[in-house]
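Participant: Fold the following for me, if possible:
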Amino acid sequence: MTEPQDPENSTRRLPVVESSPPGGVLEMDQSASGSTYEAAPAQERTAGRAGRFWSGRRIPAALLALIVLGGAGLLLYDIAAVRADHPAMQWRRSAADDLASRHLDDVWVLAGSALAAALGLWLLLLALTPGLRALLPMTRRHTGVRAGLDRTAAAFVLRDRAVEVPGVQSVRVRTSRRKAKVRALPHFRELDDVRADLDTVLTNAISELGLARPPGLSVHVRRPAKKG
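Facilitator: Numbers count the residues shown, from 1 in each chain. Sure thing, here's the model as predicted:
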């Protein structure tokens, strides 16, 4: 039962339904709605810390090993040849003469130094970072057992959950290690209602993924672009 209201003192805006042209779409005032949530607290870990997976770095390690092996072998061969009273290789004599005649502020010396420093920093970065950024670690529930979920698979799960929300026409989901970004286009319904349902459904879906560090959630809903 509702209480009567005085139409002169009422300031609440009532919904207005406009008739749409044949084959057209109802025009609504609101064009976009968005929300952002921080990452949900991680589930309790019962079998140890679930850290990130470390990459084997096989390709960089193999390339570096081949370069070092080739350079060291060539240098040792030349040193052994000189010890056996043979002349040094032309490349080593040319390199020694060239380095002796160049100053420290020479362009080629600076370029070679910068290249060597960049290569060293890259190798240090590979050695100190785990890699495998596309693999999200899951909560460890059994000792000695580790599991991970690919970010693409997580995005597919969230997208499938999002399209089940009434009124959603299409959804795009991009998942990173820290945040899941969702862009949705609705068929009908108010944007705030669609976004609220998406917030609830996707929050539950993220918690059901079983990730050790659940990502935050960012949901944006906007009207489809008008044709013509």
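Participant: Compute the first-to-last residue distance for stretch 169-180.
Facilitator: Stretch 169-180 has an end-to-end distance of 19 Å (CA to CA, to the nearest Å).
Participant: go on, stretch 144-153?
Facilitator: One end of stretch 144-153 to the other measures 24 Å (CA to CA).
Participant: next one: it to chain centre, how far?
Facilitator: Relative to its chain's centre, stretch 144-153 lies at 15 Å (CA atoms, centre = their mean, to the nearest Å).
Participant: Residues touching it, excluding its own?
Facilitator: Contact with stretch 144-153 is made by 47, 50, 53, 132, 134-138, 140, 175-177, 209-211, as judged by CB atoms under 8 Å, 6 or more residues apart in numbering. Quick note: C-beta positions are derived from backbone N, CA and C, even for glycine.
Participant: repeat that for 7 Å
Facilitator: Residues outside stretch 144-153 that contact it (CB atoms under 7 Å, 6 or more residues apart in numbering) are Phe53, Ala134, Leu135, Leu136, Pro137, Met138, Arg140, Thr175, Ser176, Leu209, Leu211.
Participant: Return a ChimeraX selection command for the buried portion of those residues.
Facilitator: Command for ChimeraX that selects the buried part of the contacts of stretch 144-153, burial taken from 16 or more other CB atoms under 10 Å:
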select :53,134,135,136,137,138,140,175,209,211
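Participant: which of the contacts of stretch 144-153 sit farthest apart?
Facilitator: With CB to CB as the measure, no two of the contacts of stretch 144-153 lie farther apart than Arg140 and Ser176, at 21.8 Å.
Participant: ok so, going back, now, which of the contacts of stretch 144-153 sits nearest Thr36?
Facilitator: Distance ranking of the contacts of stretch 144-153 against Thr36, using CB to CB, places Ser176 first at 13.6 Å.
Participant: what residues are up against that closest one?
Facilitator: By CB under 7 Å, 6+ apart, the contact list for Ser176 reads Arg151, Pro215.
Participant: how near is it to Arg195?
Facilitator: To Arg195, Ser176 is 21 Å away according to CB to CB, to the nearest Å.
Participant: what do you get for Ala96?
Facilitator: The value you get for Ala96 to Arg195, if CB to CB is used, is 70 Å.
Participant: More neighbours: which of the two?
Facilitator: Each of Ala96 and Arg195 has its neighbours counted (other CB atoms under 10 Å); Arg195 has more, 23 against 11.
Participant: The more buried one contacts Thr36, correct?
Facilitator: No. In this structure Arg195 lies outside contact range of Thr36 using CB atoms under 7 Å: 11.1 Å.
Participant: overlap in contacts of those two?
Facilitator: Common neighbours of Arg195 and Thr36 (CB under 7 Å, 6+ apart) do not exist.
Participant: need the helices for the chain, in chain order.
Facilitator: Under the criterion DSSP state H, the chain contains helices at 58-83, 90-101, 107-128, 151-162, 191-208.
Participant: pLDDT value on the spatially most central residue of the chain, please?
Facilitator: For the chain, the residue sitting closest to the mean C-alpha position, by CA atoms, centre = their mean, is Ser176 at 3.5 Å. Listed pLDDT for Ser176 reads 86.
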